[in-house]
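**Student:** With the sequence up front, the predicted model follows.
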Amino acid sequence: MNDTTKDHTALMETRASRRYFQKFERITEHLTQVAAARAAEGAIGQNEVEILTRYLASIGYTFKALSMKYLLVGRQTGQFFGSLSMDAVESGFPVFNELLVMANDAQQAESHLRNMPSAEQLKDDMLRGIIGDQEIPTKLQFALSQRLYYEELLKGELFWAQNHPEVRWQGNLSERRRKYLLHWAVYDSQVNLPTIYLMGLEDTGRRALPKDERRWPEVQAHLMGQAVGGLKLVTIAKGFDESFDDLHPKRLRRIHVGPMYSSAFTKQSGPIREVLDAARAPEGDDWTLAWTTEDLVSERVQDERSGWFGTVEREVFALDPFSGRGVDTGATSLERAVILPQRPFQALEELNPPGFGNVTKYVVSPQGRVLRY
């Protein structure tokens, strides 16, 4: 097994850490605009865009919490509290372990806050230190930053290492056939990226899926166990279809948010690195973010024998017929997109590197609007 830790970089300097979080604050704001643009194009439905927007907002909340935790990195706070570890080669995002530690901290946030002075008390003490002792109250600033971190964790709605499946009813096709939209997400530990799943399915069980005390926990456990980026969508969907005779997956989508490329923070090689170098974009605009959508659609249904006299429905999924890529991707279609500010986009157009002709470009204007090219 390769040692991926050598690709990790610790942001140990205050200015670099704050620039990194400010960059991601802007990027996550643009992500929700991209989701809205995709809905306007008809690429995703209203229910899907609401779900997607929620996950994208939760990614922003996670970065906000981490920015509080590491607000005083590089300063003499009286104790060593570490620094953000990010994947500088593969993803540009924080490493998986950061989210594991954050989830553990969230479990103990209430007890931490009970034993800490209030934010108002800390601010008063800081003011007295500045005026009375004429010194920078770094230790108090650190205490306040940690309080704000735990407060963010208590608010919830963050993107965790695992975000368990939830279900939305989409109507009834008949008395014993219900439509649902399932969604779940993970922070992929192999590539350190948020990954979002959406599954449209039909339920022919006796009890409605969300109220079925036997099937619903089994479905949740099954989907989380299969939420691995290395598995093809067709493998996940077929495994699900064969495991639940009365649940029929009609569509499965997987959205990879990232990698993020930045000339200031990441070491990726290839055309994007050349584009960012050529753009010479000002601080804050020196980035691009990849966005990949895999889509698998059921083409038809065939009946298979089950037991002595019964039959069950099995889905036959449509795979991409072009160039044999369906065999490789295990999906009906795969769409690649990049989100980038105007200067890097202009450099991308001028350099026109191979492989980007079929990539959708979402360009952030200086006014903050997102336009599709």
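**Tutor:** That came through, no problem. Numbers count the residues shown, from 1 in each chain.

**Student:** Would you map the strands across the stretch 51-200 of the chain?
**Tutor:** When secondary structure is read from DSSP state E, counting those that start in this stretch, the stretch 51-200 of the chain shows strands at 84-87, 162-174, 177-188, 193-203.

**Student:** In terms of mean pLDDT, which of these ranks lowest?
**Tutor:** When the strands of the stretch 51-200 of the chain are compared on average pLDDT, strand 84-87 comes out lowest at a mean of 88.

**Student:** Leaving out chain neighbours, which residue sits closest to the residue nearest to the spatial centre of the chain?
**Tutor:** A centroid search over the chain (CA atoms, centre = their mean) returns Pro194, at 2.7 Å, as the residue closest to the centre. The spatial neighbour of Pro194 that comes closest, neighbours along the chain excluded (CB to CB, 6 or more residues apart in numbering), is Val257 at 4.5 Å. All C-beta spots, glycine's among them, are computed from the backbone N, C-alpha and C.

**Student:** That neighbour pairs with what?
**Tutor:** On DSSP bridges, the residues paired with Val257 through beta bridges are Trp291.

**Student:** who are the neighbours in contact with it?
**Tutor:** Leu31, Leu56, Ile59, Leu193, Pro194, Thr195, Ile196, Leu289, Trp291 (CB atoms under 8 Å, 6 or more residues apart in numbering).

**Student:** Take these and lay them out in JSON lines including distance to Phe356.
**Tutor:** Supplementary listing: the contacts of Val257 in JSON lines, determined by distance: CB to CB, whole Å:
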{"residue": "Leu31", "distance to Phe356": "20"}
{"residue": "Leu56", "distance to Phe356": "24"}
{"residue": "Ile59", "distance to Phe356": "25"}
{"residue": "Leu193", "distance to Phe356": "20"}
{"residue": "Pro194", "distance to Phe356": "23"}
{"residue": "Thr195", "distance to Phe356": "23"}
{"residue": "Ile196", "distance to Phe356": "24"}
{"residue": "Leu289", "distance to Phe356": "14"}
{"residue": "Trp291", "distance to Phe356": "14"}
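
**Student:** Would you mark the buried spots in the helix or strand containing Glu50?
**Tutor:** In this structure, Glu50 is located in helix 46-69 according to DSSP states H and E. By 16 or more other CB atoms under 10 Å, the buried positions in helix 46-69 come out as 48-49, 51-69.

**Student:** same check, this time on stretch 116-124
**Tutor:** Using 16+ other CB under 10 Å as the test for burial, stretch 116-124 gives Met116, Leu122.

**Student:** mean confidence for it?
**Tutor:** For stretch 116-124, the mean pLDDT works out to 85.

**Student:** residues in contact with that stretch?
**Tutor:** Asp125, Leu140, Ala143, Leu144, Gln146, Arg147, Leu148, Tyr150, Glu151.

**Student:** Point out where the stretch 1-150 of the chain drops to low pLDDT.
**Tutor:** Applying pLDDT under 70 to the stretch 1-150 of the chain flags residues 1-10, 12, 74-81, 132-134, 137.

**Student:** ok, 80 please
**Tutor:** In the predicted model, the stretch 1-150 of the chain carries pLDDT under 80 at residues 1-14, 73-82, 125-126, 128-137.

**Student:** show me where it has helices.
**Tutor:** Counting by DSSP state H, counting those that start in this stretch, the segments of the stretch 1-150 of the chain that form helices are 14-40, 46-69, 96-107, 109-114, 119-131, 138-155.

**Student:** got it, and the stretch 201-350 of the chain?
**Tutor:** So, for the stretch 201-350 of the chain - with DSSP H, counting those that start in this stretch - the helices run 215-226, 233-243, 271-279, 325-329, 342-351.

**Student:** By mean pLDDT, show me the worst of those helices.
**Tutor:** For these, where the average pLDDT is lowest is helix 325-329, sitting at a mean of 60.

**Student:** on that earlier part again, name the member of the contacts of stretch 116-124 with the most neighbours.
**Tutor:** In terms of neighbour count, Leu144 stands highest of the contacts of stretch 116-124 at 23 neighbours, by other CB atoms under 10 Å.

**Student:** tell me the contacts of that residue?
**Tutor:** Residues near Leu144 by CB under 8 Å, 6+ apart: Ala119, Leu122, Lys123, Met126.

**Student:** any idea of the pLDDT on Ala161?
**Tutor:** On the pLDDT scale, Ala161 is placed at 96.

**Student:** How many residues are close by the residue nearest to it when sequence neighbours are not counted?
**Tutor:** The shortest distance from Ala161 to any residue that is not its chain neighbour, by CB to CB, 6+ apart, is 4.4 Å, and that residue is Leu99. Residues near Leu99, counting by other CB under 10 Å, number 23.

**Student:** was I right about Leu99 contacting Asn163?
**Tutor:** No: contact between Leu99 and Asn163 fails when scored by CB atoms under 8 Å: they sit 10.6 Å apart.

**Student:** got a list of what Gln46 touches?
**Tutor:** By CB under 8 Å, 6+ apart, the residues touching Gln46 are Ala39.

**Student:** begin at 306 from here
**Tutor:** In the new count, where the first residue is 306, that last one comes out as Gln351.

**Student:** separation between Arg559 and Phe398?
**Tutor:** Applying CB to CB, to the nearest Å, the value for Arg559 to Phe398 is 17 Å.

**Student:** what's near enough to touch Lys537?
**Tutor:** Listed by CB under 8 Å, 6+ apart, the contact set of Lys537 reads Thr634, Gly635, Ala636.

**Student:** oh, I was asking about Thr616
**Tutor:** If you count contacts by CB under 8 Å, 6+ apart, Thr616 has them with Asp608, Glu609, Arg610.

**Student:** a markdown table please, covering those and showing distance to Glu620 and pLDDT.
**Tutor:** Supplementary listing: these in a markdown table, determined by distance: CB to CB, whole Å; pLDDT from 0 to 100:
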| residue | distance to Glu620 | pLDDT |
| --- | --- | --- |
| Asp608 | 11 | 76 |
| Glu609 | 11 | 77 |
| Arg610 | 16 | 74 |
